[in-house]
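Student: what follows is a predicted structure for the sequence shown.
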Amino acid sequence: MSYKKPKMILFDVGGTLFNDGKCNAADGFKALLQRAENPDVTTAEKLASHWDEFLAETEGFKSKSGVALDVPLSAVIKYATMKEGLKINLPVIEQEEIFDRFNSTRTVIDGVPELLEALKNLNIRTAVISNNMMSGESLALALKHWIPSSNFEFILTSADILFCKPCKDIFECAVNFAGLSVEECWYCGDGKIPDVDGGSNAGLSTVLLKVTELKPFSWEINSNNKEYLVINNWNNLTEYIKELSN
């Protein structure tokens with residue numbers, strides 16, 4: 001089994017480009033409080049309690065057909081801050097990025113900058129599809145902060161269109177927006193159901209990052225009886241794509 005050289009590779013974010021620690025909403029709100037006009041009206045802990053109550057109320061949010069839907073981060077931030085009378089004179093996308101940057105620890109996964117640089121040199125386009133509460137615009141700010149050399153054409157999140165992976169619609173939106181066919185695109189992620197099954201259902205070739213895998217490079221069969229590539233480090237994918245390009 002072998003893939004054809006793609007015209008575009010689309011990436012997941014959490015567990016794929018970044019490793020994030022557990023989200024601590026109070027830490028994110030503490031950072032926002034420092035940008036507020038009236039920070040004395042509330043505390044980070046009160047804001048975090050509103051975060052918890054909002055997410056508890058919207059847990060299991062689904063479409064009529066049963067597709068999981070995402071709650072936009074902007075809605076939760078507005079709910080918490082406005083309920084406390086907090087005024088933050090920043091665009092909402094900047095509020096989202098600040099909250100995201102400070103609510104957990106984050107590291108860039110090994111091999112990501114090198115892979116993105118190699119794809120750029122090979123004229124392979126890149127973009128992002130992520131199950132994420134952040135809007136594509138705010139996630140773009142985060143990606144540029146943590147991976148300054150990244151050059152993603154666009155970022156599409158479940159918060160943008162509500163539908164979450166593995167729903168094939170989010171993949172189809174991205175591919176059509178790029179002006180390509182699914183046969184010309186790969187999708188890379190770390191989740192078997194949302195990323196491998198979701199991307200495969202939409203017709204994309206899929207790559208699974210599985211850091212616990214002993215083999216650096218292997219092929220497996222997904223639930224649709226289609227083969228997909230498994231790697232345990234992004235450097236292995238970089239070398240594979242270079243070979244396809246020779």
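Tutor: Cool, the structure landed.

Student: now do the buried residues in the biggest helix by length in the chain.
Tutor: Longest helix in the chain by number of residues, with DSSP state H as the criterion: helix 44-58. For helix 44-58, burial by neighbour count (16 or more other C-beta atoms under 10 Å) applies to 44, 46, 47, 48, 49, 50, 51, 54. All C-beta atoms are positioned from the backbone trio N, CA, C, and that covers glycine.

Student: what sits up against it?
Tutor: Applying C-beta atoms under 8 Å, 6 or more residues apart in numbering, the external contacts of helix 44-58 come out as 24-27, 29-30, 32-33, 71, 75-76, 79-81, 83-84, 86.

Student: how about stretch 206-213?
Tutor: 15-16, 109, 186-192, 195-196, 199-200, 220, 222, 228-234, 237.

Student: show the buried residues in the contacts of helix 44-58.
Tutor: 25, 27, 29-30, 32-33, 71, 76, 79-81, 84, 86.

Student: can you tell me which of the residues you listed are in strands?
Tutor: Among the buried ones among the contacts of helix 44-58, no residue falls in strands (DSSP state E).

Student: which residue in these has the weakest pLDDT?
Tutor: On pLDDT alone, residue 71 ranks lowest of the buried ones among the contacts of helix 44-58, at 95.

Student: that one touches residue 61, doesn't it?
Tutor: Yes: contact criterion C-beta atoms under 8 Å: residue 71 and residue 61 qualify, at 6.3 Å.

Student: who touches stretch 116-126?
Tutor: So stretch 116-126 is in contact with 5-11, 147, 149-153, 178, 238, 241-242, 245, going by C-beta under 8 Å, 6+ apart.

Student: cool, and stretch 78-88?
Tutor: Applying C-beta under 8 Å, 6+ apart, the contact partners of stretch 78-88 are 29, 32-33, 35-39, 41-42, 46-48, 50-51, 54, 92, 95.

Student: and that stretch, how far apart are its ends?
Tutor: 10 Å (C-alpha to C-alpha, to the nearest Å).

Student: do stretch 121-131 as well
Tutor: 28 Å.

Student: quick one: buried residues of that stretch?
Tutor: Judged by neighbour count using 16+ other C-beta under 10 Å, the buried positions of stretch 121-131 are 124, 125, 126, 127, 128, 129, 130, 131.

Student: try stretch 102-119
Tutor: 102, 103, 104, 106, 109, 111, 112, 113, 115, 116, 118, 119.

Student: over to stretch 85-103?
Tutor: 86, 88, 92-93, 95-103.

Student: now, which of the residues you listed lie within helices?
Tutor: 92, 93, 95, 96, 97, 98, 99, 100, 101, 102.

Student: roughly how far apart are the fourth one and residue 31?
Tutor: Read that as residue 96. The gap separating residue 96 from residue 31 is 12 Å, by C-beta to C-beta, to the nearest Å.

Student: do the same with residue 24
Tutor: Distance of residue 24 to residue 31, computed by C-beta to C-beta: 11 Å.

Student: just residue 199 next, same as before
Tutor: In terms of C-beta to C-beta, residue 199 sits 34 Å off from residue 31.

Student: same check on residue 179?
Tutor: As judged by C-beta to C-beta, residue 179 and residue 31 stand 38 Å apart.

Student: looking at these two, which is more packed in?
Tutor: Set residue 179 next to residue 31 and count neighbours by other C-beta atoms under 10 Å: residue 31 wins out with 16 against 10.

Student: before we move on, the earlier item: okay if I get the buried residues of helix 44-58 as JSON lines plus pLDDT and distance to residue 206?
Tutor: Below are the buried residues of helix 44-58 laid out as JSON lines (pLDDT from 0 to 100; distance: C-beta to C-beta, whole Å):
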{"residue": "44", "pLDDT": "98", "distance to residue 206": "40"}
{"residue": "46", "pLDDT": "98", "distance to residue 206": "43"}
{"residue": "47", "pLDDT": "98", "distance to residue 206": "39"}
{"residue": "48", "pLDDT": "98", "distance to residue 206": "36"}
{"residue": "49", "pLDDT": "98", "distance to residue 206": "40"}
{"residue": "50", "pLDDT": "98", "distance to residue 206": "38"}
{"residue": "51", "pLDDT": "98", "distance to residue 206": "33"}
{"residue": "54", "pLDDT": "97", "distance to residue 206": "33"}
